[in-house]
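Peer 1: This is a predicted model, with the sequence first.
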Amino acid sequence: MTFEMDMSEVTAVANGLGKISARALDDVDAVLKKGAQKIKDGMVADVKESSHFKGMARAISYDSHYLPGRAQYEIGPDKDRKGGALGNIYYFGTSRGGGSGDIDKQLNLEAPRTLEFLALLPAKWEGLL
Amino acid sequence: MKALTDALAALLPSTVTVHRGTVPSLPTFPYVLVMAKVPDALERSQARRKLLTGARVRCTVVGLSMDSVLIISERVVKAMDGARIDPPGWVTGSVENVPNSQWITEDTDVTDMTSKKHPLYAVLDFIVTASQSPA
């Protein structure tokens, strides 16, 4: 007894998924990068309003970290830049209090918009299948 | 809003010295400084009515040694993380310790007059989500 199945459509889908996985990371990274830039810009604007901490505005930056299938951005004051060491005091205070900066504010503002853009990506990839 | 932050601060163990908002000029170590943030609207309806509020408190645990800070921090987290509060006028979720990636840090601007040591401190953030009870 023989059993035969036409796998051509399955193969086409598998090939499409392969194309998507390569492109998906680039598309997701582009959205995350834009979000990271907006968060950074917002954090810079916030700190510029502080009379004591505006000197650390130029120390706020973002770094990207990539792992297989994963893109990640880390945003905040860079301690190696001038004024960056003040970030700890601005956001978390000292043993006597302080910490007037809100480190989550810009993330909370931007995260919903970034998630909306990410949710639009699957429709963009449909044509590749 | 005061009821929410009061209920959060009331969770702190009675075995630690707690200062709310400010620290005396010559404090006795160890202590916990509690700061509160005016609660934010976390979620709104399409008509922009506030549905969910997030109340945050920051507990700065201050001691003269790393061990002291770690022991007090453990007590604070044990008392607060996962706890339920019942402030009048609010329906709340459980209290959560929010990770902030902060290391225990030495405060070199402060010196304890007795031991001549600089205190060390850890910052612990907690949040509880809440909605106002129907009138």
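Peer 2: Now that the structure is in, tell me what you want to look at.

Peer 1: Now the residue nearest to the spatial centre of chain A: which helix or strand?
Peer 2: Taking Cα atoms, centre = their mean, the centroid of chain A lies closest to A:Leu32, which sits 3.6 Å from it. In this structure, A:Leu32 is located in helix A:8-48 according to DSSP states H and E.

Peer 1: what mean pLDDT does that helix have?
Peer 2: Mean pLDDT, helix A:8-48: 84.

Peer 1: still on that earlier bit, correct me, but the residue nearest to the centre of chain A touches A:Ala71?
Peer 2: Yes. The criterion here is Cβ atoms under 8 Å, and A:Leu32 meets it with A:Ala71 at 5.5 Å. From N, CA and C alone the C-beta is placed, and that goes for glycine too.

Peer 1: Alongside chain A, which residues does chain B contribute?
Peer 2: Contact residues (Cβ under 8 Å from any Cβ of the partner chain) of chain B with chain A: B:21-23, B:33, B:35, B:37, B:40, B:58, B:60, B:62, B:100, B:102, B:105, B:107, B:109-110, B:119-121, B:123.

Peer 1: ok so, going back, what residues does the residue nearest to the centre of chain A make contact with?
Peer 2: Applying Cβ atoms under 8 Å, 6 or more residues apart in numbering or on different chains to A:Leu32 gives the contacts A:Ala71, A:Gln72, A:Tyr73, A:Thr114.

Peer 1: Among the residues you listed, the buried ones, what's the PyMOL command?
Peer 2: Typed into PyMOL, the line below selects the buried ones among these, using 16 or more other Cβ atoms under 10 Å in any protein chain shown:
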select buried, chain A and resi 71+73+114
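
Peer 1: and the residue of chain A found nearest chain B, what is it in contact with?
Peer 2: Of all residues in chain A, A:Ser95 sits closest to chain B, at 4.0 Å by Cβ to the nearest Cβ. By Cβ under 8 Å, 6+ apart, the contact list for A:Ser95 reads B:Val23, B:Leu33, B:Thr60, B:Val62, B:Asp107, B:Val110, B:Pro119, B:Leu120, B:Tyr121.

Peer 1: go again using 7 Å as the cut-off
Peer 2: For A:Ser95, the contact set (Cβ atoms under 7 Å, 6 or more residues apart in numbering or on different chains) comprises B:Thr60, B:Val62, B:Asp107, B:Val110, B:Pro119, B:Tyr121.

Peer 1: tell me what the helix or strand hosting the first one is packed against?
Peer 2: It refers to B:Thr60. If you go by DSSP H and E, B:Thr60 is part of strand B:50-63. The contact analysis (3 or more Cβ pairs under 7 Å, 6 or more residues apart in numbering or on different chains; DSSP states H and E) places strand B:50-63 against helix B:2-9, strand B:31-44, helix B:66-80, strand B:120-132.

Peer 1: Distance from the chain centre to the last one, please.
Peer 2: Shown here is strand B:120-132, whose average C-alpha point lies 5 Å from the average C-alpha point of the whole chain (Cα atoms, centre = their mean, to the nearest Å).

Peer 1: And the third one, by the same measure?
Peer 2: Between the mean C-alpha point of helix B:66-80 and the mean C-alpha point of its chain there is a distance of 12 Å (Cα atoms, centre = their mean).

Peer 1: quick check: angle from it to strand B:31-44?
Peer 2: On the basis of axes from the mean of the first three to the mean of the last three Cα atoms, to 10 degrees, helix B:66-80 is oriented at 40 degrees to strand B:31-44.

Peer 1: Tell me which helix or strand comes right after helix B:66-80.
Peer 2: Next along the chain after helix B:66-80, taking DSSP H and E as the criterion, comes strand B:90-92.

Peer 1: what lines up beside that following strand in the sheet?
Peer 2: Paired with strand B:90-92 in the same sheet, following DSSP bridges, are strand B:120-132 (antiparallel).

Peer 1: how big is the angle separating the partner strand from helix B:2-9?
Peer 2: Counting by the same axes, to 10 degrees, strand B:120-132 lies at 140 degrees to helix B:2-9.
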